[in-house]
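S.K.: Could you work out the structure for the sequence below:
(2 chains)
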Amino acid sequence: GESVGLHLPTLSVQEGDNSIINCAYSNSASDYFIWYKQESGKGPQFIIDIRSNMDKRQGQRVTVLLNKTVKHLSLQIAATQPGDSAVYFCAENTGTASKLTFGTGTRLQVTL
Amino acid sequence: EAGVVQSPRYKIIEKKQPVAFWCNPISGHNTLYWYRQNLGQGPELLIRYENEEAVDDSQLPKDRFSAERLKGVDSTLKIQPAELGDSAVYLCASSPRTSGSSAQFFGPGTRLTVL
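M.R.: Predicted coordinates:
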């Protein structure tokens, strides 16, 4: 994935609003995608995944949308809560290699 | 169910010293990964094990880094000697499948500071 060093893109939303975090992936052959949430001082936490034969998948308060035509992935968080504040990473897997490539993270800040 | 366990959580060493990190994956997970995460960036794969075999170590700097997973469960990642540029968070992850795509579950990481 591309690196932006210390200057992560930041999304600021008010508590209760919906959040949409976007990710552009690089490999058209990628067939599996994961969204991770990483809080300060912790490892990445699995949120939701989607395979390339789907274009939408829903979890609890989260929805992932996949647009293979433009190689775009998004994570929607409904009714954003302060506990959702973290850095969010998308990751893509290509073929059977079980090798994840992480995208640029997005910092989500939830304001009260 | 216990998650991926890593130790130590923090390590501060002087350059040229050796350091080792330990990982215990989720029970039953055959595939184990070591990643390095620099500040503000996503994790980057260093090595992947399927059971006790290192099946992808192409990104591991082999002049100073080594890893082992002798019994196909716990794993150790070693750096000798450490350099200033090795300061990072070292993450261990595991997944249940040995082939195909499946979710990887991460431990809390070891934050290494090389002075």
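S.K.: do the helix or strand of chain A with the lowest mean pLDDT and chain B meet at all?
M.R.: Within chain A, confidence by mean pLDDT, DSSP states H and E is lowest for strand A:100-102 among all helices and strands, at a mean of 90. Yes - Strand A:100-102 comes into contact with chain B (Cβ under 8 Å from any Cβ of the partner chain), by way of A:100, A:102. (Each C-beta comes from the backbone N, C-alpha and C, glycine too.)
S.K.: strands paired with that strand, and their directions?
M.R.: Within its sheet, strand A:100-102 is paired with strand A:86-94 (antiparallel), according to DSSP bridges.
S.K.: Show me where the chain dips below the pLDDT cut-off.
M.R.: Using chain A. Residues of chain A meeting the criterion pLDDT under 70: A:1-7, A:95-98.
S.K.: I was thinking of chain B, sorry if that wasn't clear
M.R.: B:1, B:98-101.
S.K.: Can you find the residue of it that comes nearest to chain A?
M.R.: The nearest approach of chain B to chain A comes at residue B:42, 2.9 Å away (Cβ to the nearest Cβ).
S.K.: Wasn't residue A:28 part of a strand?
M.R.: No - counting by DSSP: H, G, I helix; E, B strand; the rest coil, one finds residue A:28 to be coil, located in no strand.
S.K.: starting at the chain centroid, how far to whatever helix or strand residue B:89 lives in?
M.R.: If you go by DSSP states H and E, residue B:89 is part of strand B:88-95. Here the centre of strand B:88-95 is set off from its chain's centre by 5 Å, with Cα atoms, centre = their mean, to the nearest Å.
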